[in-house]
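# next comes the sequence, and after it the predicted model I'd like to discuss.
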Amino acid sequence: MTDVRVTSALRSIRHPREGGDPYTPDHAREASKQVAPSPSATLSFSCKEWRAADLSLSPLAGRGWPSRRRGRERGSDRAIVTGALLAFDFPSPRPSPRQRGEGDWIEFSVCSNTTPVPLPYPALHASHTGIWIARDGEVRAVSRGEAIRAAADTPMIVMNAPLVGQRLGYADLSGLDLLELYAFLRPARFMVPTPKGLATVTGLDLPADDAGVAPFLLAAAERLLATPDADWPEREGAWTAAQSLFRLRWSWAPLLVDRLKKPAQNERWLFSKLPEWDEAAPRPAPRTITLDPAETQAQLAHLVGDAAEARPGQRAYAAAAADAFAPRTGREMPNLVLAEAGTGIGKTLGYLAPASLWSHAAGGPVWVSTYTKALQRQLGHETRRVYPDEAVRREKVVTRKGRENYLCLLNLEDALQGGFAGRAAVLAQLVARWAAYTADGDMVGGDLPGWLPTLFRRNGSTALTDRRGECVYAGCPHYRKCFIERAARASAEADIVIANHALVMVNAARGRELATRPTRYVFDEGHHLFDAADSMFATALTGQETIELRRWIVGPEAGSRGRRRGLAARLSDVASYDEGGAQAIADAVRAAQGLASDGWLQRVAEGTPFGPIETLLASVRGLTYARAEGAEDAGYGLETELAEPSPELIEAAAPAAEALDSLYRPLVALGKRLEAVLTDAPDWLDGPARARVEGAIASLGWRAETVAAWLSLIARVGGPASADFVDWLAVDRVEGREFDIGLHRHWLDPTRPFAEIVLKPAHGALVTSATLTAGGTWETAEARVGAPHLLRPPVRFQAESPFDYAARAEVLVVTDVKRGDIPALSNAYGRLIEAAGGGTLGLFTAIRRLRGVHARIADRLARAGLPLMAQHVDPIDTGTLVDIFRDDPHASLLGTDALRDGVDVPGHSLRLVVMEGVPWPKPTVLHAARRLAGGGSAYDDRIVRARMAQAFGRLIRSADDRGVFVLLSAATPSRLLDAFPPGVPIARVPLDEAIARVASRLSSHAALGHEAAPAP
């Protein structure tokens, strides 16, 4: 018996081998596995059997795991190995082995290098102007084909691999992404994902041109990898995370683990070091107080500060806002104030002054609700004026969002313990790094970089939040550390709660937090209340909705991954205690089998539905294709009115209603049994168990209400129409692919349930915006926020913007660009952007035209030093696109018309807004019904005026801004031009003149006030 002996600094391993048999590569491979060399190590071997010329040593590099060879000596070989297994290639034909004794061996010795190996990788940069590779101190421009071959052969250092891959036309590009490295080293820190943003965080000089970016990426990688050598606030947990990422074969792991020192003590697991929230006593009801007008003005002056003075309009606004905090005089008669404040009034501090005074004196919370995340962030910043001490501010101000925005710790634990594989598992590790340092666990719009999930093609990111209603509340082992529960409890003790319209409506509609339901609201961006209510109070009986309900009740389908459990598993203790509850659970599970199941969409499309719900959906699909206009165009969704339904649809409705009714009854019964359990509490019902049962009751109530709404919608099939609702059938498609089918119901006036559920229980509410009356009258504005459904009429207030629009802005209606002509649109956009020198926001009403224009002008503008980004083109989330746009005054951004609400870019970075045409509303079934009820074409005009006013509002954000608004539509009706502020000059001009005016006003202006250098 002889052996192969493996020696390392850590251990020696003997591998038996039958005497007389030659050494084989299998022996060496097994040996290399057990040696487990460090990621950057020197490995050498010597051999009594053969010369080194007869044996070759080479790292067996997996994908993204390169190797590096070193010199060879007679009788030995040496190589630098970087986290790779080692293959030992024996010569062929092999020499005949000599008769070996017990002492014959091949020895492998491994020792870690004390100095990290220099980066052995090239860097790749691709833009619309060209492609460059930096290697060994040289930078070379390459073709797209050469870059793809190089990237496929050798891992490259890149920045934003999906974006680089898109520009190369190589979707499978992988490499060492600097954004992933930054997310590991600097979790919960903001960075604009561009070379400029990277230069800012690393302290390196920004390269002068695109050709200099590739070597800059190498320097940035070295600078980032040196982070562990300095004072590093995020050091804790890094070593353990790096080891886990090394096992997942993350590209950066081999370089990181060699630079990280193993801590003297074991690092704490994430789930043991997160702080726990404390239960507090219920907050008493707010006291009844009356604000002193003089105190309100004094508080406003304090918030504005000594460096400025509250303007007359702002002082009048604060006084009007204070009316919302007066004691109400009758039940269901809130003090409603509608306040329109033009841009520049300072409405945020104007309402924070009375809100903070009332909260402090009355001891109750004020919920400030917004529509966009941008305004939520701005509000968080402005509250620092109210509470300058950061520790106090964290207690007094809380930002609340929907559950689907927060990291679910139980989902994360499942992902870390094998629930995710491949790249999704790497994302889970990076999210775990972030979770240890995040302020609030908000994954959408919080301190998790918005670009991080897009690096992984959003593979796995949605599974880390609670998007499917699967929370087990107190049954979760991380309940006391839960980010969602922490935010809910913090908001119960806060003075100012920053939320969004949807969350306010959800909490009110589902009866959540009744004991702490707010009595005072501020609805900023109030012009969006109608749309938010329209979405919140809608009903959709679709395949996707029913399969989600099935999974919530029954549990995961066979073969599904993840920890998801059904109703029986979540309430097993209740079922064992309460016979009636157990029967209700069993009945619900049985009835849920009739809902759509996995593979429903294919079965419905093929005409082989299974069960009553799928049969109903098949009839919906057939009737929709038969009646919808444009059914032959596979690129868009289809819809048709639920009027004169076909016999097949009527026939399918009855069994579907029966199936839903058989599900509704046990859900209601189970809710009642759970309430009985709480009333007559058993011994095992401790605090956590009680909280879990209460959570189950709330979830059951919500789902029972959903099923009841479905039953009401099905009753409409073949039955009478309701004057309060608009019903229709739809097949949802995206880029030719069907993804959902079903029946839909919306309120004709969604502000009715909003007023009933949100406004009437409140004591006071302020609805404010810069464009409340845009497109109509005060009566129209009141109707859009639900005021007509209240007994007490609202208080109206209006303050005009203090900006000199006549001197600072201009509106140009271009008369010679044909609508829908993509070459002409491309020419117009390209020349206007060049004339403005960038800083342009381009708004489109159709994604197809947006993509067509971008494809024609992006390269040309990039060569002129004017980068162009586009929503629905660049693989970057919208929030990050806006951050990039804001950070570079030469950049421009194209997006859909809805993007106008998500762009808050003051200053020179946004100086030109170009709309491709008049933003007429899409002619849907719902729009047609509301148009008929709202005055026909006058209803359309109000919508268009509001959209143009909101888009123009993006342009002038401060007194020093200047800008031009261009509308590429010769057919723009003159009656719509009053959407713009009074005094703004408006001219109808040909494209050439518009370009000349833009160039004259924008491209060579002197530094504006906000751009001037600070005084020494």
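Received, thanks. Residues are numbered from 1 along each chain as shown.
# beta partners for G742?
Here G742 sits in beta bridges with T542, A730, going by DSSP bridges.
# for it, give me the pLDDT.
Note on G742: pLDDT of 97.
# what about it, neighbour count?
The number of residues packed near G742 is 25, by other C-beta atoms under 10 Å. Any C-beta I mention is one placed from the backbone N, CA and C, and that applies to glycine too.
# now swap in L977 and tell me
16.
# wait, doesn't it sit right on I986?
Yes. Assessed by C-beta atoms under 8 Å, L977 is found in contact with I986 at 5.5 Å.
# anything in contact with each of these two?
Counting by C-beta atoms under 8 Å, 6 or more residues apart in numbering, the contacts common to L977 and I986 are V811, V813.
# I'd like the average pLDDT over stretch 322-332.
Stretch 322-332 comes out with an average pLDDT of 96.
# make that stretch 207-227, sorry
On average, stretch 207-227 scores 94.
# for that stretch, give me every contacting residue.
Contact with stretch 207-227 is made by 116, 119, 123-125, 127, 129-130, 132-134, 139, 141, 157-159, 176, 178, 181-182, 185-186, 195, 198-199, 202-204, 206, 255-256, 259, as judged by C-beta under 8 Å, 6+ apart.
# of all residues in the protein, which one is nearest the centre?
The centroid of the chain falls nearest to V444 when counting by C-alpha atoms, centre = their mean (4.2 Å).
# how about it: what's its closest non-neighbour residue?
N405 (4.4 Å; C-beta to C-beta, 6 or more residues apart in numbering).
# outline the domain layout of this protein.
Using automatic domain parsing, the domain parsing of the chain gives 2-112, 140-273, 293-399+751-799, 539-747, 805-1011.
# export those to TSV and tack on distance to W451?
Shown next, in TSV, are the domains of the chain (distance: least, C-beta to C-beta, whole Å):
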stretch	distance to W451
domain 2-112	20
domain 140-273	5
domain 293-399+751-799	15
domain 539-747	23
domain 805-1011	5
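# which of those has the lowest average pLDDT?
Taking the mean pLDDT of the domains of the chain, domain 2-112 comes last: a mean of 37.
# which helix or which strand is home to R328?
Element membership for R328 (DSSP states H and E) is empty, with no helix or strand holding it.
# and E390, how close does it get to P449?
As defined by C-beta to C-beta, to the nearest Å, E390 lies at a distance of 22 Å from P449.
# kindly apply the preceding question to H746 instead.
Going from H746 to P449 by C-beta to C-beta gives 36 Å.
# between those two, who's got more neighbours?
P449 (26 against 20).
# tell me who's in contact with the closest residue to that one other than its chain neighbours.
In space, and not counting its chain neighbours, P449 is closest to A183: 6.3 Å by C-beta to C-beta, 6+ apart. Contacts for A183 (C-beta under 8 Å, 6+ apart) come out as L430, R433, W434, P449, L452.
# buried ones in the helix or strand that contains A183?
Assessed by DSSP H and E, A183 sits inside helix 178-185. Neighbour counts over helix 178-185 (16 or more other C-beta atoms under 10 Å) mark L178, L179, E180, L181, Y182, A183, F184, L185 as buried.
# where do the helices of the stretch 101-250 of the chain begin and end?
Applying DSSP state H, counting those that start in this stretch to the stretch 101-250 of the chain gives helices spanning 144-153, 161-168, 178-185, 195-202, 213-225, 238-247.
# reformat these as JSON lines; add distance to L375.
Output for the helices of the stretch 101-250 of the chain, formatted as JSON lines (distance: least, C-beta to C-beta, whole Å):
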{"stretch": "helix 144-153", "distance to L375": "41"}
{"stretch": "helix 161-168", "distance to L375": "28"}
{"stretch": "helix 178-185", "distance to L375": "26"}
{"stretch": "helix 195-202", "distance to L375": "23"}
{"stretch": "helix 213-225", "distance to L375": "33"}
{"stretch": "helix 238-247", "distance to L375": "34"}
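# do you know which of those lies nearest R930?
helix 161-168 (39.3 Å; C-beta to C-beta).
# can you count the residues close to the nearest residue to V192 once chain neighbours are set aside?
Excluding the flanking residues, the one nearest V192 by C-beta to C-beta, 6+ apart is D887, at 4.6 Å. Other residues within reach of D887, judged by other C-beta under 10 Å, total 16.
# and for R140?
Neighbours of R140 (other C-beta under 10 Å): 13.
# tell me how far it lies from A147.
Following C-beta to C-beta, the distance that separates R140 from A147 is 10 Å.
# surely L843 is in contact with V913?
Yes. Shown here, L843 and V913 form a contact pair, counting by C-beta under 8 Å, at 6.9 Å.
# joint contacts of the two?
In contact with both L843 and V913: A951, using C-beta under 8 Å, 6+ apart.
# just to revisit the earlier point, what sits against the residue nearest to the centre of the chain?
By C-beta under 8 Å, 6+ apart, the residues touching V444 are K373, K401, E404, N405, T465.
# also P921?
Contacts of P921 (C-beta under 8 Å, 6+ apart): H927, D940, I943, V944.
# now do 6 Å
The contact partners of P921, taken as C-beta atoms under 6 Å, 6 or more residues apart in numbering, are H927, I943.
# now do the SS call for it.
coil (DSSP: H, G, I helix; E, B strand; the rest coil).
# quick one: the longest helix along the chain to chain centroid distance?
In the chain, taking DSSP state H as the definition, the longest helix is helix 647-679. Helix 647-679 has its C-alpha centroid displaced from the chain centroid by 34 Å (C-alpha atoms, centre = their mean, to the nearest Å).
# burial measure for R384, as a count.
By other C-beta under 10 Å, neighbour count at R384 equals 12.
# got the buried residues for the helix or strand hosting it?
With elements taken from DSSP H and E, the one containing R384 is helix 373-386. Buried residues in helix 373-386, defined by neighbour count with 16+ other C-beta under 10 Å: K373, A374, L375, Q376, R377, Q378, L379, E382, T383, R385, V386.
# and of the residues you listed, the nearest to G469?
Closest to G469 out of the buried residues of helix 373-386 is K373 (22.6 Å), distances taken as C-beta to C-beta.
# and that closest one, how close does it get to E525?
11 Å.
# what's the answer for L678, then?
Taken as C-beta to C-beta, the span from L678 to E525 is 39 Å.
# more crowded one of the two?
E525 (22 against 12).
# that one against V368, yeah?
No. If you go by C-beta atoms under 6 Å, E525 and V368 don't touch, sitting 10.6 Å apart.
# which ones are touching R565?
Residues near R565 by C-beta under 6 Å, 6+ apart: G555.
# which SS class is it?
Relying on three-state DSSP, one would call R565 coil.
# now swap in T624 and tell me
helix.
# let me see the ranges of the helices in the stretch 701-850 of the chain.
Assigned by DSSP H, counting those that start in this stretch, the stretch 701-850 of the chain shows helices spanning 751-754, 778-785, 805-808, 822-836, 847-863.
# give me the contacts around the second one.
If you take C-beta under 6 Å, 6+ apart as the criterion, helix 778-785 is touched by L529, F530, V767, L772, T773, R796.
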